[in-house]
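K.L.:
no sequence on hand, only this structure:
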């Protein structure tokens, strides 16, 4: 498993809620490539709860959406936008979990539309949430010009 280099780190305007390491209110997600999968280990806190000690469903949806975008960045070397998301909450996630593991992979591609499957597992590796995110991908020129996307590479 190899760490993915954040292509926007150091860009003055960059403050993504999901992945910016300096966004004080953000999730500060980091990503790794493991074969066909993109993986993230994330640590919930009490600030992420909906009900007492329960991870908010909107935060779970944000985690799924964010890792899906990193599938697009790394596997297609472009950016895009979410056009649809279906999420199934199978088991509550406790905010006192040591960590969560997210795994995402390409399910299907139809031209510039990509379907991505996401699993969210608790620290006991129990599947808690499943999502399918549908992304509209941009041509590389648009990704570069409008979203400052150059490339998404692996760390040495």
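P.N.:
All right, it came through fine. Predicted model only: the values in this text are computed from it and were never measured.

K.L.:
what about the nearest residue to residue 11 once chain neighbours are set aside, distance to residue 88?
P.N.:
Closest residue to residue 11 apart from its sequence neighbours, by C-beta to C-beta, 6 or more residues apart in numbering: residue 148 at 6.1 Å. Backbone N, C-alpha and C define where each C-beta goes, glycine included. Per C-beta to C-beta, to the nearest Å, residue 148 is found 34 Å from residue 88.

K.L.:
compare neighbour counts for those two and give me the winner.
P.N.:
residue 148 (13 against 10; other C-beta atoms under 10 Å).

K.L.:
ok, the more buried one to residue 78 distance?
P.N.:
Counting by C-beta to C-beta - residue 148 and residue 78 are separated by 12 Å.

K.L.:
can you give me phi and psi for residue 39?
P.N.:
For residue 39, the backbone dihedrals are phi -130, psi 140 (criterion: degrees, to the nearest 10).

K.L.:
which parts of this structure are strands?
P.N.:
2-3, 32-34, 37-42, 80-89, 100-110, 113-121, 127-137 (DSSP state E).

K.L.:
quick check: buried residues in stretch 46-59?
P.N.:
Under the neighbour-count criterion of 16 or more other C-beta atoms under 10 Å, stretch 46-59 has 48, 49, 55, 56, 59 buried.

K.L.:
residue contacts, the most centrally placed residue in the chain?
P.N.:
When the chain is reduced to its mean C-alpha position, the closest residue under C-alpha atoms, centre = their mean turns out to be residue 67, at 1.4 Å. With contact set as C-beta atoms under 8 Å, 6 or more residues apart in numbering, residue 67 has these partners: 29, 31, 38, 40, 102, 104, 118.
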